[in-house]
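Here's a sequence, model it:
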Amino acid sequence: MSELSIPRFKEVLGHFATGVVVIAAIDESGPVGFTCQSFAGLSLEPLLATFSAQRQSSSWPRVRESGRVGISILGADQESVARTFATSGIDKFAEVAWSPGVNGAPLVAQAIAHIEATILSTSVHGDHDIVVLEPTMLNATSGEPLLYFRGGFGTFEV
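Have a look, this model is predicted:
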C-alpha cells in the first residue's frame with residue numbers, strides 16, 4: 001500500500017502532464033490574473049469549461065468578483081509568462097503584452113488560444129474553489145503548447 005501524504009499526492013499527480021493557462025480579469029484596480037494548470041472542458045451541451053483556484057490566492061478573489069474572465073492558453077515559448085503569473089506580490093501585467101477581450105478581460109499576447117467566459121458558479125473543495133464557466137468567445141492559432149509535468153515546464157511537439 002502506498003503512502004497517503006501531500007508530497008506523495010503531488011508526486012503521483014505530477015505524472016499527469018497538463019497545459020498551462022493564464023486566468024485573467026479586470027476590476028477597478030486594473031488587470032489581475034494567475035497561472036493555472038487545472039483548466040479543462042467540462043461539457044459540450046451546454047458548452048462549459050472549468051478550472052480550480054487556490055482559495056488563499058490574492059488574485060483569485062478579484063477575478064471571481066469580476067464575473068468575467070479571459071483564459072490564455074500559453075505556447076511553448078511562454079514559460080516566462082507562466083512564471084510571472086505564478087508569482088505573488090508583483091504587477092504581473094507590467095512586462096507582459098496583453099489586450100482586452102470583448103468582455104474586457106485581459107488576453108495575453110501570443111498565446112496559442114484564447115477563451116472569454118462568464119463565471120457561472122463556484123464551489124469550495126478543500127483549499128480550492130472549483131469554477132464553472134460559460135464560454136462567450138473562442139479563438140485559436142497555430143503553435144505548440146506549454147506543458148507542466150513533474151514540477152517543471154516543458155513542450156510537446158507534433
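
What backbone torsions are found at S80?
phi -60, psi -30 (degrees, to the nearest 10).

That one and T87, how far apart?
11 Å (CB to CB, to the nearest Å). In short, each C-beta sits where N, CA and C put it, glycine included.

likewise A25?
To T87, A25 is 18 Å away according to CB to CB.

Those two: which is more packed in?
Neighbour comparison, A25 and T87: the larger count goes to A25, with 24 against 10 (by other CB atoms under 10 Å).

Output the below-cut-off pLDDT ranges for the chain.
Within the chain, the stretches with pLDDT under 70 are 1, 157-158.

What residues does the closest residue to T155 other than its chain neighbours make contact with?
Excluding the flanking residues, the one nearest T155 by CB to CB, 6 or more residues apart in numbering is A76, at 4.0 Å. Counting by CB atoms under 8 Å, 6 or more residues apart in numbering, A76 touches 143-146, 155-157.

Could you pull out the strands in this protein for me?
Remark: strands assigned in the chain by DSSP state E are 18-19, 21-27, 30-36, 39-44, 47-54, 68-73, 98-100, 106-108, 113-125, 128-140, 146-149, 152-155.

S2: which of those strands is closest?
Of all the strands of the chain, it is strand 146-149 that lies closest to S2, at 20.2 Å by CB to CB.

Find the residue closest to G154 in space, skipping its chain neighbours.
Closest residue to G154 apart from its sequence neighbours, by CB to CB, 6+ apart: L147 at 5.0 Å.

What is the burial count for that neighbour?
Considering only other CB under 10 Å, L147 is surrounded by 17 other residues.

That one: what's it in contact with?
So L147 contacts 17-20, 153-156 (CB under 8 Å, 6+ apart).

gap between it and P46?
As judged by CB to CB, L147 and P46 stand 29 Å apart.

Who does V32 form a beta bridge with?
Beta-bridge pairing of V32 under DSSP bridges involves A25.

surely it meets V63?
Yes - V32 lies in contact with V63 (CB atoms under 8 Å); the separation is 5.9 Å.

shared neighbours of those two, anything?
24-25.

now G154: how far from L146?
Noted for G154: a distance of 8 Å to L146, by CB to CB.

So for the two, which residue has more residues nearby?
More crowded of G154 and L146, by other CB under 10 Å: L146, with 25 against 13.
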